[in-house]
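Generate coordinates for the sequence data below:
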Amino acid sequence: MLIIRIFHHLIFYMKYFCSFILLLFGACLAVSAQTGRRLIDSARSYKSSDYAKVISFANTSYKQAIINKQPALAGESAMMLGEGNYLAGNYKEALRWYFESEKLYNSINDKKGLAELYAEMCVFYVKNKAFKDADSVSKKSIAYSATLNNLNQLASSTNNRGLMFMDSGKIDSAVSSFQSAFNLYKKLKDKVGMAYSLDYLSSALSERGSFTKALQVLNESKALRQGMGDKTAEAIAINNIGELYLKEKKPAEAAPFFALAIAKAHELKYPDLEIYAYSMLTQTYQQQMKFREAYQAQAKYLELNQKFEGEKNTKALQELQTKYETNKKEQQNKLLKEENRTQLIKLSRNRIGIYALLTITVLIIILFYLLYNRYKLKQQTRFDAAMLEEQRLRSQGIMDAEENERQRLARELHDGVGQMLCAARRQVELNDNGKNEETLKMLDESITEVRDISHTMVPPSILNKSLQQAIEELINRMNNKNQVSIHTNWINTDGLELDKTTTLMLYRGMQEIISNIFRHSGATIVNIEMVNHFTDLTLMIYDDGIGFDKEKLLQTGKGLGLKNIQSRIAYIGGSLQIDTIPSKGVTYTIELPLTLVAQNV
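Residues are numbered from 1 along each chain as shown. Just a heads-up that it's a prediction; the model follows:
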């Protein structure tokens, strides 16, 4: 009987609760139907000026569309949330919303929405160097646009595919795509689209080395934008002009454009562009030998970069804190309601109240237990990070000591033994009378040998030349008799700046690899490639020698040289991959993230 009475009691209150919810739901539907479309239109209008407003309007529109069961509007809102977060630098959140938009559009087979979404996702993937994914969504966007005969979307999708080609190094394909997109926009008389296509075409021409044509195209784009109100695109165009002048080795002309781009990016609250423009301004001042201004620009770049990362972390922490406080209040409200109910119900129901209270208590205990475990995990993570840092510093000390000892021995050889040999030669030469030719020859060979050893231990090229020049000098010195045919290929390495430690570790690794090839491989042809991908650096060395069994070599302990190379590359945050089969040659591939190098500069 007690259970039946409790059941009827719950049904009595549930009737009133359901009636209230239905009334509230109906009112929300009426308001949402009128404002949903306007909200998403407002979000689109702020795409080029205020990313926070894009996110705010799109978020409200998305919630209302879900409540109203409007999947098309919800998909569009999710896409705008993805774009807003992408422009604001929140890439993980942007990808989450893009996938949500894709799911909604697919549920109603909305090809127009999917065409626009995949075009935006292409840009996102290109930004994150995911070229395989970018190629897939780009093809889908173009196919849907062509099926619908939507020339505007087709032009936009073609532009984005051009960006993918350019960032993946396929410059000729990029030029063709941007030119096709420009022609489509011109046919539509869309000046905004024409301007964007010209911007991208200018960048591609610049990459191909056609600087004069690139500058002409970029100025044409800038002229189209005047009076259109697209402040973001205008700021990007100004920065691009500065980059073109810098590539033409005209830093004095480039500096004012970077300064103007910084001011406009700051006004737009566009941190990515502001930070990037400061880095370019630093390079500009360095080329002008204005080291004080370069230092100030670099300091501002580091300050903004650190602040931008800090703000993202602070926002994530605030969101976590809000979730925690919400959960805590919900638990407290449940406890208060349970206490009030236990005071009102009869003695026969006290047992139910006690059970409920015990359940809530257990939940709270579990919650605090989980929070405590999370705290312990964070502490352990910090401890592990500190231990890794200590190991890094210890390794740095060992390597610094090794390099210092190399320098000391090199100086002893050069300034001590080398000078003594030179003096001895001079003495023999003065007392020669034509009888000591063989002795003079031996002394010359000894002096050359001492100089080569000294240069090998501490090559002067590392101190005042680039990594590329240092490697070329190493090759010439080791291959002075042209016993091996060596081919080199340097891609995007002009202006590559690495800190001293990174340069030294890469040089030592290359020195060990080339030395192994000369001593053990029996190779007749060696190819060396260095490619600057701007976010990472790739060094590849491959020969046609006899190869070796890598696993057997490491297991027998004879692969100490390989382990030393791996240790040096790992120390600067890189990785070494060795691919070899006996009698099939060897390929050494060194990958180094340049973001880590920039942090160490």
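
Determine the number of other residues adjacent to the nearest residue to residue 536 once chain neighbours are set aside.
Distances taken as C-beta to C-beta, 6 or more residues apart in numbering place residue 593 nearest to residue 536, at 4.9 Å, with adjacent residues excluded. (C-beta placed from N, C-alpha, C; glycine too.) Residue 593 has 16 neighbours, counted by other C-beta atoms under 10 Å.

what's the answer for residue 295, then?
13.

can you pull the contacts of it?
By C-beta atoms under 8 Å, 6 or more residues apart in numbering, residue 295 lies in contact with nothing.

Residue 526 now?
Contacts of residue 526 by C-beta under 8 Å, 6+ apart are 484, 485, 486, 487, 514, 517, 541, 542, 543.

Make sure residue 583 is indeed in a helix.
No - under DSSP: H, G, I helix; E, B strand; the rest coil, residue 583 sits outside any helix and is assigned coil.

Just the pLDDT for it.
On the pLDDT scale, residue 583 is placed at 81.

cool, residue 379 as well?
pLDDT at residue 379 comes out at 83.

any idea which helix or strand comes after the helix-or-strand element of the chain with minimal mean pLDDT?
Counting by mean pLDDT, DSSP states H and E, the chain has its least confident helix or strand at helix 2-45, which shows a mean of 54. Next along the chain after helix 2-45, taking DSSP states H and E as the criterion, comes helix 51-67.

which SS state does residue 113 fall under?
Quick answer, by three-state DSSP: residue 113 is helix.

What's the local residue count around it?
Quick note: residue 113 (other C-beta under 10 Å) scores 23 neighbours.

Nearest to residue 382 among the contacts of residue 526?
residue 541 (39.4 Å; C-beta to C-beta).

buried stuff in stretch 574-589?
Neighbour counts over stretch 574-589 (16 or more other C-beta atoms under 10 Å) mark 574, 576, 578, 580, 585, 586, 588 as buried.

How about stretch 360-377?
residue 360.

Just give me how far that stretch sits from the chain centre.
36 Å (C-alpha atoms, centre = their mean, to the nearest Å).

Start at 57, not 1
Noted, 57 is the first residue going forward, which turns the last one into stretch 416-433.

What's the separation between residue 587 and residue 594?
For residue 587, the distance to residue 594 equals 5 Å [C-beta to C-beta, to the nearest Å].

cool, and residue 127?
Taking C-beta to C-beta, one finds residue 127 at 44 Å from residue 594.

Between those two, which is the more surrounded one?
residue 127 (18 against 15).

need the contact list for that one.
121, 160, 161, 163, 164, 166.

Go again with 10 Å.
Applying C-beta atoms under 10 Å, 6 or more residues apart in numbering to residue 127 gives the contacts 121, 159, 160, 161, 162, 163, 164, 166, 169.

What is the neighbour count of the fifth one?
What that stands for is residue 162. For residue 162, using other C-beta under 10 Å, the count is 14.

isn't it right next to residue 131, touching?
Yes - Residue 162 is in contact with residue 131 according to C-beta atoms under 10 Å; the separation is 8.8 Å.

what distance separates stretch 641-654 from the middle of the whole chain?
With C-alpha atoms, centre = their mean, you get 15 Å for stretch 641-654.

where do the contact lists of residue 587 and residue 594 overlap?
With C-beta under 10 Å, 6+ apart as the test, residue 587 and residue 594 both reach residue 547.

Could you dump the buried residues of stretch 630-645 into JSON lines with distance to residue 117 and secondary structure added?
Compiled in JSON lines, the buried residues of stretch 630-645 are given as follows (distance: C-beta to C-beta, whole Å; DSSP: H, G, I helix; E, B strand; the rest coil):
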{"residue": "630", "distance to residue 117": "45", "secondary structure": "coil"}
{"residue": "632", "distance to residue 117": "50", "secondary structure": "strand"}
{"residue": "634", "distance to residue 117": "54", "secondary structure": "strand"}
{"residue": "636", "distance to residue 117": "57", "secondary structure": "strand"}
{"residue": "641", "distance to residue 117": "59", "secondary structure": "coil"}
{"residue": "642", "distance to residue 117": "58", "secondary structure": "strand"}
{"residue": "644", "distance to residue 117": "54", "secondary structure": "strand"}
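
biggest separation within these, which pair?
Spanning the widest gap among those are 630 and 641, at 22.5 Å by C-beta to C-beta.

quick one, phi/psi of residue 649?
phi -70, psi 120 (degrees, to the nearest 10).

Please tell me the pLDDT value assigned to it.
Predicted confidence (pLDDT) for residue 649: 91.

for residue 218, same thing?
Predicted confidence (pLDDT) for residue 218: 89.

wait, it sits on residue 254?
No - the criterion here is C-beta under 10 Å, and residue 218 misses it with residue 254 at 11.7 Å.
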